[in-house]
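Q: Need coordinates for the below:
(one chain, ligands or ions: 2)
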Amino acid sequence: MSQDPSTEVVVRELRGSVLLVTINNPPVNALGVAVRRGIVAAIDAADADSAVQAVLIIGTGRNFIAGADIREFGKPPLPPSLPDVCNRIEACSKPVVAAIHGAALGGGLEIALAAHYRLAATDAKLGLPEVLLGLMPGAGGTQRTPRLIGAKAALDLMLSGRHMGAEEGHALGLVDRLGSSNDILADGLAYAQELLATHAPVRRMRDAHAVSDRQANRAAIEAARDETAKKSRTLFSPLKIIEAVEAALDRDFDEGLLLERELFLQCLDSPQRAGLVHAFFAEREVLKAPETRNTKPRAFNHVGLVGGGTMGAGIAVAVLDAGLLVTMIERDEAALARGRAHIEKVYNGLIAKGRMTPAAKAANMARFVGSTLYDALAPADVVIEAVYEDMAVKQAVFAELDRVCKPGAVLASNTSYLDIDAIAASISRPTDVVGLHFFSPANIMKLLEIVVPAKVSADVVATAFELAKKLHKVPVRAGVCDGFIGNRILAAYRMAADCMMEDGASPYQIDQAVRNFGYPMGPFQVSDLAGGDIGWATRKRKAVTRDPRARYVQIADRICERGWFGQKTGRGYYLYPDGARTGTPDPEVEAIIDAERARAGITPRSFTDEEIMRRYMAAMINEGANVVHQRIALRPLDVDVTFLYGYGFPRHRGGPMKYADTVGLPKVLADIREFAKENPLFWQPSALLVELVEHGANFDSLNKLE
Ligand code: 3HC
Ligand code: NAI
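A: Ligands and ions are numbered 1, 2, ... in the order given. Got it, this is the predicted structure:
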């Protein structure tokens, strides 16, 4: 066995009579082609060598094996395939033990299931998360798992993609033994020795009887079908998973494997797989902003918040949940009491649902202090301003921060639209000023736009990324402009939606078309949820600077003038009788729309749902391209992640820019040019889009940071 252990991704070593097979493929021991070859070679060697009586498979680093190498998907396959590797392990003539620590996910768990015995350390995370990538287990997982733990538990793992802890896995029979120390190698070797000492036989799941208790397993299949129809009707792979598991109930093992392979390849070819894999890598890529590469973040433990309204209170919850200290400043005692009450309301809601204990709430609230005096912010390491969206008010707050905060404190604004460069320029320490644009409700929404003004120092930006990590947010770096990445693009596609409404589509049809595309809500439902008054105030603020030639749809103003701001006022675009959360269409709104069409001299025409989505997406993509072109977003994938985490964009489509690549940029550009015939001012093709089409390139070609 001539091997250089430092370069081999699969290292073999004889320990007594046990062949230790170590997977050493950082960072997560993914099953790339070299690993697959190495495992097969190791099993071949074990079978051939009479000195070997058992095989022990372990992983180096923090994980056992995180699964197939996702980067290989979509590329020409190289042998051996993962199913062949698993079959080879299972066929080994000597007992094979998998000793799992950290992640054994997807193909990683399938390797373990092909082994004859499984031991798991207490930190093990077992899962079949392929569904989250638009896939299904494709290396025997759909056949071995139900044979081992029954269809119900197997389907739960495969359809949720969740990680299961070692103890639960042990209770279910997914693993045979729990590790007793923190040393997976020692535990694994001891287990293998014990199996040899007791003459434990090789145990192959392929020989296990097709699942017993037919009735319960049938019921599990039907229940999974019903649940999938309700919850993930737009997704491709869940039904394939159910079909494959069903085959495990009544087909021979090899037939089941063949069906699994066929269905797996269908999933692999689906655009949903491409979209979900893009999302997986994109949400990791966004963490790699230039400022985070070689810069150490500043230390922080104490966060100041100015403003305890909707956003201030929500941010406070997120910060307290992360175990940090919060000092909140409000204008007066009454406002402070409201801010505190808002925080407590969130926690009380969680307690009522059984998701938080009163003791945990008390522990969080013990780290909360409120004050009406700015001087209370003196010890804060990071201060986040969340007062009214008004430049004068914000600058006055920053003047106070400049006065009281300690040197080195990070001074952040949660502004949605305002010019953070202007805020930074108004104080003596512009290098400490950054934008932290949270989304509402701030304790729930994952997106955090980190807005980088011209003068900010790199370690402040690195601190913002570190804060995002602590708060379990997904950070996206954005440049300064009106609305940054998300709200700026939102303004464009919302304008397209408003024009379609005035031209003849009802808001209800538009919302429906957008939902059918995969969004949880349409734009008019979102407006009703957020409160129409917010957009109304913005429109009034911008009225003076609006291009007089630009088309301006006044329907939203007419609705707001009546005091119909959406859910909080009981009506907006929809009616919400008796505090209903789901709206019903409002004939009076339809009458307002008709009147506005007449006033604007528009004869309404009909739109198909497909036409609606073409315009909606073309507006989003075009403005997305502008945002990338102007370096407001570093790459197209930053736009994608913004929309996946801040605006409910359907994840299986990967994000708007990925979607554009899927549709084809020439087609998107042709649409925009066609729409421009009606409104050339609005539908101006982005220079970047034109350039990419001219070069036959796509957005993905811009996704690497130079
Ligand atoms: N293939 C290729 N690269 C992978 C990978 C995989 N399966 N899993 C993780 N990586 C990469 C990440 O992209 C990241 O790369 P980067 O440093 O260049 O950004 C690096 O490994 C570290 O990953 P994380 O930042 O996610 O590390 P964490 O420690 O936070 O999480 C983890 C580790 C829980 C293993 C997480 O990475 C994860 O969930 N990975 C995906 C697991 C998965 O989905 N497996 C199923 C794959 S499909 C399959 O197996 C098909 C089979 O049934 C045939
Ligand atoms: P809000 O009106 O709910 O709260 C603002 C709070 O600031 C009020 O409680 C007010 O008493 C307090 N305040 C005003 N002036 C103050 C001062 N000088 N000192 C201390 N406190 C003061 O507003 P909301 O919605 O929380 O918005 C705050 C900021 O967050 C705005 O800049 C807004 O654009 C931004 N934002 C809002 C989002 C939303 O969906 N509501 C989403 C993302 C950002």
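
Q: Which stretches in the stretch 551-700 of the chain count as strands?
A: In the stretch 551-700 of the chain, the strands defined using DSSP state E, counting those that start in this stretch lie at 574-575, 584-585.

Q: Can you name the residues in contact with the last one?
A: What it means is strand 584-585. 506, 508, 574, 575, 577 (Cβ atoms under 8 Å, 6 or more residues apart in numbering). For the C-beta atoms, the positions are set from N, CA and C on the backbone; glycine is no exception.

Q: Pretty sure the first one sits against residue 591.
A: Looking back up the chat, that one is residue 506. No - Residue 506 lies out of contact with residue 591 (Cβ atoms under 8 Å); the separation is 11.7 Å.

Q: quick one: which of the two has more around it?
A: Legend: neighbour count by other Cβ atoms under 10 Å for residue 506 and residue 591, higher for residue 506 (18 against 10).

Q: ok, and the closest non-adjacent residue to the more buried one?
A: residue 590 (6.5 Å; Cβ to Cβ, 6 or more residues apart in numbering).

Q: Distance-wise, check that neighbour relative to residue 515.
A: For residue 590, the distance to residue 515 equals 19 Å [Cβ to Cβ, to the nearest Å].

Q: Pull out the buried positions in the helix-or-strand element of the chain with minimal mean pLDDT.
A: Taking mean pLDDT, DSSP states H and E as the measure, the chain has helix 532-542 as its least confident helix or strand, at a mean of 89. Within helix 532-542, the residues that count as buried by 16 or more other Cβ atoms under 10 Å are 532, 533, 534, 535, 536, 538.

Q: Check which helices and strands it sits against.
A: helix 555-561 (3 or more Cβ pairs under 8 Å, 6 or more residues apart in numbering; DSSP states H and E).

Q: Mind giving me the packing neighbours of the helix it packs on?
A: helix 486-503, helix 532-542, helix 587-599.

Q: got the CA coordinates for the very next helix or strand once past the longest one in CSV?
A: So that's helix 486-503. Sequence-wise, the next helix or strand downstream of helix 486-503 (DSSP states H and E) is helix 507-517. What follows is helix 507-517, C-alpha atoms only, in CSV (Å, rounded to 0.1, in the frame of the first residue of the first chain):
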residue,chain,number,x,y,z
PRO,A,507,-54.1,43.6,-8.8
TYR,A,508,-55.6,40.2,-7.9
GLN,A,509,-54.6,38.7,-11.2
ILE,A,510,-51.1,40.1,-10.9
ASP,A,511,-50.7,38.7,-7.3
GLN,A,512,-52.0,35.3,-8.5
ALA,A,513,-49.6,35.2,-11.4
VAL,A,514,-46.7,36.1,-9.1
ARG,A,515,-47.8,33.4,-6.6
ASN,A,516,-48.0,30.8,-9.4
PHE,A,517,-44.5,31.7,-10.3
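
Q: Helix 486-503 and helix 507-517, what's the angle between them?
A: Interaxial angle of helix 507-517 relative to helix 486-503 (axes from the mean of the first three to the mean of the last three Cα atoms, to 10 degrees): 130 degrees.

Q: Can you point out the helix or strand that includes residue 56?
A: strand 54-59.

Q: List the contacts of the following helix or strand past that strand.
A: Remark: after strand 54-59, the chain's next helix or strand is helix 82-91, criterion DSSP H and E. Residues outside helix 82-91 that contact it (Cβ under 8 Å, 6+ apart) are 31, 36, 39-40, 43-44, 57, 68, 80, 96, 107, 110-111, 113-116, 138-140, 204-206, 257, 260-261.

Q: now, which of the residues you listed lie within helices?
A: 36, 39-40, 43-44, 107, 110-111, 113-114, 257, 260-261 (DSSP state H).

Q: buried subset of these?
A: If we count by 16+ other Cβ under 10 Å, the ones in helices among the contacts of helix 82-91 have these buried: 36, 39, 40, 43, 107, 110, 111, 113, 114, 257, 260, 261.

Q: So which bits of stretch 33-53 are buried?
A: 33, 35-43, 45-47, 52-53.

Q: Closest one of those to residue 553?
A: residue 33 (55.5 Å; Cβ to Cβ).

Q: quick one: the residue in the chain positioned nearest to ligand 2 from residue 331, how far?
A: Closest approach of the chain to ligand 2 (Cβ to the nearest ligand atom) occurs at residue 309, with a separation of 1.8 Å. Distance of residue 309 to residue 331, given as Cβ to Cβ: 10 Å.

Q: Then residue 489?
A: Counting by Cβ to Cβ - residue 489 and residue 331 are separated by 33 Å.

Q: One more: residue 352?
A: Applying Cβ to Cβ to residue 352 and residue 331 gives a distance of 30 Å.

Q: Compare neighbour counts for these two and give me the winner.
A: residue 331 (12 against 9).

Q: Looks like that one contacts residue 372 (just checking).
A: Yes - contact status for residue 331 versus residue 372: in contact at 6.9 Å, counting by Cβ under 8 Å.

Q: can you list the residues of the chain near ligand 1?
A: 27-28, 30, 63, 66-71, 82, 103, 105-107, 110, 129-130, 133, 135, 137-139, 141, 281, 284 (Cβ under 6 Å from any ligand atom).

Q: Please, a PyMOL command that selects the buried ones among those residues?
A: Buried members of the residues of the chain next to ligand 1, defined by 16+ other Cβ under 10 Å, are picked up in PyMOL with:
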select buried, resi 28+30+63+66+67+68+69+70+82+103+105+106+107+110+129+130+133+135+137+138+139+141
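
Q: Quick one: residues contacting the residue in the stretch 501-650 of the chain that ligand 1 sits nearest to.
A: Per Cβ to the nearest ligand atom, the residue of the stretch 501-650 of the chain with the smallest distance to ligand 1 is residue 637, at 12.2 Å. Contact partners of residue 637, counting by Cβ under 8 Å, 6+ apart, are 278, 281, 282, 285, 286, 655, 657, 658, 703.

Q: at 7 Å instead, please
A: Each residue near residue 637 by Cβ atoms under 7 Å, 6 or more residues apart in numbering is listed here: 282, 285, 703.

Q: give me the number of residues near the second one?
A: Looking back up the chat, that one is residue 285. Counted with other Cβ under 10 Å, residue 285 comes out at 19.

Q: Setting the sequence-adjacent residues aside, check what's closest to it.
A: Closest to residue 285 by Cβ to Cβ, 6+ apart is residue 637, at 5.6 Å.

Q: what's the answer for the first one, then?
A: Of all residues beyond its chain neighbours, the one nearest residue 282 is residue 637 (4.1 Å), with distances taken as Cβ to Cβ, 6+ apart.

Q: Look up how far residue 265 lies from the one you found.
A: 27 Å.

Q: Just the pLDDT for the residue nearest to residue 132 when sequence neighbours are not counted.
A: Once flanking residues are discounted, residue 132 sits nearest to residue 161: 4.2 Å by Cβ to Cβ, 6+ apart. Listed pLDDT for residue 161 reads 97.

Q: residues in contact with residue 161?
A: Contacts of residue 161 by Cβ under 7 Å, 6+ apart are 127, 129, 131, 132.

Q: For residue 155, list the residues it contacts.
A: By Cβ under 7 Å, 6+ apart, the neighbours of residue 155 are 220, 224, 242, 245.

Q: repeat that for 6 Å
A: Taking Cβ atoms under 6 Å, 6 or more residues apart in numbering, we find residue 155 in contact with 220, 224, 245.

Q: just the residues you listed now: which is nearest residue 16?
A: residue 245 (39.5 Å).

Q: part of a strand, is residue 318?
A: No - Residue 318 is assigned helix when assessed by DSSP: H, G, I helix; E, B strand; the rest coil, not a strand.

Q: didn't it look like it was pressed against residue 471?
A: Yes - taking Cβ atoms under 6 Å as the definition, residue 318 is a contact partner of residue 471 at 4.9 Å.

Q: quick check: domain ranges of the protein?
A: 10-269, 304-478, 486-702 (automatic domain parsing).
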